[in-house]
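*Asks:* Structure for this input, please:
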Amino acid sequence: MPEQTIHLRPFETEDIKELHRWSNDPVSLLMVGRVPQTYEQTAQHVEKKRKNGDILLAIENEQNRLVGWIFLKDIEHEHGRAGIGILLAPEARGQGYGKPAMEQMIDLGFYQLRLNKIYLTTRGTNEHAIALYKKIGFVVEGQLRNHAYVNGQYYDTYFMGLLKSEWRQSLT
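*Replies:* Below you'll find the model as predicted:
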């Protein structure tokens, strides 16, 4: 799949409606491992992230259509680290939006926020995401066995990290 041209912009309150739809998609529910949420719960989740100082950005395609959101969370300047998360609209998955969005957000974290490490967690069943994260340069730092219970089954969770010193080496 060819990489798409995207741009990131602030995630606005009016975007919550789409986030709510994406979050309740069956694939999203399986990968995150939770039950469907109401619009109010989704709005509260966004507000909590804002209060925590998370950086929430909307992902738009070349036609300025909202195709996902991406965020840096648990930003700890004293330790130079933050977590990263991304969720694409169901119709946008597999279309080449994830990689450029992750790369732009990682650039922001390393070069604007002066972070040293960006990390994430993902389900062992999310093979497409794991492959993307490895392609970008993330390294599996740990595997939490049977860590998530989804639909009557236990799944491993992978902890992956990327150091600033490793960033862009993987892209050359």
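*Asks:* Could you use CA atoms for every contact and neighbour count after this?
*Replies:* Fine.
*Asks:* can you pull the contacts of the closest residue to residue 149 other than its chain neighbours?
*Replies:* Leaving aside its chain neighbours, residue 149 sits nearest to residue 155 (6.3 Å; criterion: C-alpha to C-alpha, 6 or more residues apart in numbering). Shown here is residue 155, whose contacts under the criterion C-alpha atoms under 8 Å, 6 or more residues apart in numbering are 123-125, 145-149.
*Asks:* in the strand or helix carrying residue 155, what counts as buried?
*Replies:* Mapping residue 155 onto the secondary structure by DSSP states H and E places it in strand 153-163. Using 16 or more other C-alpha atoms under 10 Å as the burial criterion, the residues of strand 153-163 that qualify are 155-163.
*Asks:* again, but for stretch 92-104
*Replies:* Buried residues in stretch 92-104, counting neighbours by 16+ other C-alpha under 10 Å, are found at 97-102.
*Asks:* Distance of the residue nearest to residue 149 relative to residue 124?
*Replies:* When C-alpha to C-alpha, to the nearest Å is the yardstick, residue 155 and residue 124 sit 6 Å from each other.
*Asks:* related to what we said a few turns ago, and the average pLDDT for the strand holding residue 155 is what?
*Replies:* The pLDDT scores in strand 153-163 average 94.
*Asks:* what are the C-alpha coordinates of it, in CSV please?
*Replies:* What follows is the C-alpha trace of strand 153-163 in CSV, where atoms were taken according to Å, rounded to 0.1, in the frame of the first residue of the first chain:
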residue,chain,number,x,y,z
GLN,A,153,-9.5,-15.5,25.6
TYR,A,154,-6.2,-14.3,27.0
TYR,A,155,-3.7,-12.5,24.8
ASP,A,156,-0.1,-11.3,25.3
THR,A,157,0.6,-7.6,25.3
TYR,A,158,3.8,-6.3,23.8
PHE,A,159,5.7,-3.3,25.2
MET,A,160,7.7,-1.5,22.4
GLY,A,161,10.0,1.4,22.6
LEU,A,162,11.9,3.8,20.3
LEU,A,163,14.9,5.9,21.4
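*Asks:* Give me the distance from it to the chain's centre.
*Replies:* For strand 153-163, the distance between its averaged C-alpha position and the chain's averaged C-alpha position is 13 Å (C-alpha atoms, centre = their mean, to the nearest Å).
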